[in-house]
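J.: Sequence below, structure please.
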Amino acid sequence: MKLNLTTGARLVARSLSLIASVGLGAAVAIADEVPQTVAAAPGDPVAEESYVQQSGILVMLDQAKVIRIDHEADTVIIGNPAIADAVLYDRKTLVITGRAFGSTNLLILDDKGELVVDESIRVHPAVDTIVTVHRATQSYTYSCSPTCRAAVAPGDQQDYFENAVKQSQTRNEFATGNAAPASQ
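T.: Next comes the predicted model:
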């Protein structure tokens, strides 16, 4: 039996299938991808088989995604906060921001300390704007939309990476008002 679902339906069905398969009874819905109807019921073996391999919340690097959950959250845990950050907007709404390429996990506990969500998070680049230049054995990553600027990635040439990170940190310090005073 082949299921023909929209992207949003597939994401919700995967989340529901995974959660139902581990018996948590909570659902995660990605706010901008929630379909009107979901064609696969939680616990459906066909849906579980199709979606378990591709489960998780997909977030673009340096962008935020709104996630809604069924149960009220009390505690949010990100396995590797260098990859993604999560902030509770309210007890049923979470905002996840991609910090670095890679994957980690998201755990949400209720006020009794019970696990209500256990989901993977994958952070990926905006592939249509990322360009990697290879010079011999060195790599240099750029974000081009429309002007190309450094967008460091693990594996980039060390000096390039360190300079781009330093410039980004300095820019962020100025933006937040935490920049060191200029030398006289």
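
J.: So for residue 132, what's the nearest residue that isn't a sequence neighbour?
T.: Nearest residue to residue 132 in three dimensions, chain neighbours excluded: residue 141, at 5.0 Å (CB to CB, 6 or more residues apart in numbering). Every residue, glycine included, has its C-beta placed from N, CA and C.

J.: Would you mind listing the residues in contact with that neighbour?
T.: Going by CB atoms under 8 Å, 6 or more residues apart in numbering, residue 141 touches 130, 131, 132, 133, 150, 151, 152, 153, 156.

J.: which among these end up buried?
T.: 130, 150, 151, 152, 153, 156 (16 or more other CB atoms under 10 Å).

J.: so the residue lying closest to the first one once chain neighbours are set aside is in which element?
T.: Sequence neighbours aside, residue 143 is the residue nearest to residue 130 in space, at 6.0 Å (criterion: CB to CB, 6+ apart). In this structure, residue 143 sits in strand 138-144 according to DSSP states H and E.

J.: Which parts of this structure are helices?
T.: Along the chain, counting by DSSP state H, helices occupy 7-22, 45-51, 158-176.

J.: List the residues that contact the closest residue to residue 119 other than its chain neighbours.
T.: Spatial nearest neighbour of residue 119, excluding adjacent residues (CB to CB, 6+ apart): residue 106 at 4.9 Å. Each residue near residue 106 by CB under 8 Å, 6+ apart is listed here: 57, 76-79, 84, 86, 96, 117-121.

J.: Show the pLDDT at residue 106.
T.: Per-residue pLDDT puts residue 106 at 96.

J.: That one pairs with what?
T.: In this structure, residue 106 bridges to residue 78, residue 119 when assessed by DSSP bridges.

J.: I'd like to know how far it sits from residue 68.
T.: From residue 106 over to residue 68 the distance is 13 Å, taken as CB to CB, to the nearest Å.

J.: Return the set of buried residues in stretch 132-143.
T.: Neighbour-count burial for stretch 132-143, counted by 16+ other CB under 10 Å, picks out 139, 140, 141, 142, 143.

J.: which residues touch the last one?
T.: By CB under 8 Å, 6+ apart, residue 143 lies in contact with 126, 129, 130, 131, 149, 150, 151.
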